[in-house]
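Q: Give me a model of this one.
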Amino acid sequence: MSGLTDAIGQAFAELLGNPLVGLAARLLAVYLIVLWVASAWWVWRDARARTRDPIVPYLAAAGVVLVTPLLFPLAVVVYRVIRPPLTVAAAEAADLQLAVLEEEATRPTCRRCGSIVDEEWVACPICGSELAIRCAECGRPLELDWTICAWCAADVPWSTPPAAADPTPEPVAIPIRPGGRPLVPVMVLPEDQVPSGAPASPGRRRTRKRSTSG
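A: Residues are numbered from 1 along each chain as shown. The predicted structure is shown next:
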């Protein structure tokens, strides 16, 4: 058993003594050191882009350096887990977009087509519907549901109450016949509708006289 162990150790020593194997080992060590330093530099840059604290990037890079070239991959994995999800620029862009959406939500919209309009507009540029009219006193736009102008307190045209009707009836012209007495129309009834005992009208008397003389 000891002879087998001695043979394996001798073979391993001969392998390490090979110039090519020694060169490969040295290149591998240099590669690990370069990757170790590069990982620490990447962690420093990434942390600097994700936080405004000037100390945090240096602490993260120091943590990668202190774990030696053998354990730095584990340190990089831990950093990727605990780092902020967004960079400072991405967080500012998201906040700006959210502010724009909130501002658009509070802006007035057209009652007809629902498009966003400006408070100073009097007509919708999309559908052409009327949004407001100008005040006759100050010239500022008026909302259609206002009762007075919000700028100068003037009455809006559509809130003015209609004029009260004059209770006095209009005079009616009565025709006056010569002599000063009003002309009252006389209705002549047919002979078969005249009640018994009522005096006959002049027209009917004339008709009777003509018929008798005939």
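
Q: hang on, isn't residue 108 packed against residue 114?
A: No: at 10.8 Å, residue 108 and residue 114 do not qualify as touching, with contact defined as CB atoms under 8 Å. All C-beta spots, glycine's among them, are computed from the backbone N, C-alpha and C.

Q: A strand includes residue 52, no?
A: No: looking at residue 52 with DSSP: H, G, I helix; E, B strand; the rest coil, it is coil, so not inside a strand.

Q: Return the residues in contact with it.
A: Contact analysis of residue 52 by CB atoms under 8 Å, 6 or more residues apart in numbering lists residue 88.

Q: From residue 91, how far off is it?
A: 10 Å (CB to CB, to the nearest Å).

Q: from what I can see residue 107 touches residue 116, true?
A: Yes: with contact defined as CB under 8 Å, residue 107 reaches residue 116; the gap is 5.2 Å.

Q: For residue 170, report the pLDDT, please.
A: Note for residue 170: predicted pLDDT of 62.

Q: ugh, typo on my part, it should be residue 198
A: pLDDT recorded at residue 198 is 53.

Q: could you pull out the strands for this structure?
A: Along the chain, the stretches classed as strands by DSSP state E are 132-134, 141-143.

Q: neighbouring contacts of stretch 63-74?
A: With contacts defined as CB under 8 Å, 6+ apart, stretch 63-74 is touched by 32-33, 35-37, 39-40, 43, 75-76, 79.

Q: Take these and write them to TSV, including distance to residue 26, neighbour count and pLDDT.
A: Shown next, in TSV, are the contacts of stretch 63-74 (distance: CB to CB, whole Å; neighbours: other CB atoms under 10 Å; pLDDT from 0 to 100):
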residue	distance to residue 26	neighbour count	pLDDT
32	11	14	88
33	11	11	89
35	15	14	91
36	16	21	91
37	17	15	91
39	20	20	92
40	22	20	92
43	26	24	94
75	24	21	90
76	24	21	90
79	29	18	92
